[in-house]
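A.B. asks: Attaching a predicted model along with its sequence, questions to come.
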Amino acid sequence: MRGPAIVFTFDPHPVRLLRPESAPPPLTWTDRKAQLLDELGVTAVIAYPTDEALLALSPEQFFQRIVQEKLAARGMVEGPNFFFGHNRAGNIDTLGGLCKAADISLEIVPPISVAGEIASSSRVRAAIQAGDVDLARQLLTRPYRIRGMVTHGAGRGAKLGIPTANLAAIDTLLPAQGVYAARALAPSGNWPAAVNIGPNPTFGEQTAKVEAHLMGFNGSLYGQPLEIEFLSRLRSIRPFESVEALKAQLQHDIAAAQRIEATQPDDEEDTVG
């Protein structure tokens, strides 16, 4: 069947209204999701506003009002574990019957396996929470990315000769505490980066922070958006016996991160704008 390819998603995710206490942090944001889908050839993305009235619709009402009336769909593509309607009462068999009655084609896409297990958002989250950004990258087919705004920090990095950008207002899932090789995407361009997620135990600080050292960058990023792509985990967070020992380790981390970033293909790069 020929026609535009439309991706329909909910914003916010229904679980944020139904069970906000158990809603997991998102893996990406709507604009980024639309960008990724555009690269795959999708014609448009509909981020449908989720509210209680929508969640109260029965499977039949949802199909009629959304799929038929609002979308005027001629064909649908879903996975085998699709549920819809109030209390998730509708499943893929329900959808099949409704599509058949409405003369709408339905294609069920089987799950994809990576390293012998099914790729899923739950598996991606588990990998990120464990700091396994290499596995997350395999599952996502590209590096996992977060975004935030650059704010003022304690300024210790600059005093050590290794200035960092401190990220706040991060609205997606953070990888486990550790030091990572990364790529930083700023409005002015892209930079190899070494990223620290966690506290600074050498200085007696226990508050977890996200700090990125952009290699080769000169200038100020305060108040600007910054996105971080995680390429590989370098090590865990630990205290050092002296500031000089910490500085030596940071220089080692930076060199390792630069080597890793240099091996990345250019076609994965874009900029924040």
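C.D. replies: Right, received. Where do you want to start? Residues are numbered from 1 along each chain as shown.
A.B. asks: Near residue 129, how many other residues are there?
C.D. replies: 15 (other CB atoms under 10 Å). Every C-beta, even on glycine, is put in place using the N, C-alpha and C of the backbone.
A.B. asks: The closest residue to it other than its chain neighbours: how many residues sit nearby?
C.D. replies: Here the nearest residue to residue 129 in space, its sequence neighbours aside, is residue 176; by CB to CB, 6 or more residues apart in numbering that works out to 5.9 Å. Residues lying near residue 176 (other CB under 10 Å) number 17.
A.B. asks: what kind of secondary structure is residue 176 in?
C.D. replies: Under DSSP: H, G, I helix; E, B strand; the rest coil, the three-state class of residue 176 is coil.
A.B. asks: residue contacts, it?
C.D. replies: Shown in contact with residue 176 (CB atoms under 8 Å, 6 or more residues apart in numbering): 128-131, 197, 233.
A.B. asks: next one: residue 234
C.D. replies: 178-181, 194, 253, 256-257.
A.B. asks: Next: residue 243.
C.D. replies: Residue 243 makes contact with 160, 202, according to CB under 8 Å, 6+ apart.
A.B. asks: Give me the distance between it and residue 202.
C.D. replies: Going from residue 243 to residue 202 by CB to CB, to the nearest Å gives 7 Å.
A.B. asks: Please apply the same query to residue 181.
C.D. replies: In terms of CB to CB, residue 181 sits 21 Å off from residue 202.
A.B. asks: Of those two, which one has the most company?
C.D. replies: residue 181 (25 against 18).
A.B. asks: Model confidence at that one, what's the number?
C.D. replies: pLDDT for residue 181: 98.
A.B. asks: rewinding a little: drop anything exposed from the contacts of residue 176.
C.D. replies: Neighbour counting by 16 or more other CB atoms under 10 Å classes 128, 131, 197, 233 among the contacts of residue 176 as buried.
A.B. asks: closest to residue 6 among those?
C.D. replies: Closest approach to residue 6 among the buried ones among the contacts of residue 176 (CB to CB): residue 128, at 28.6 Å.
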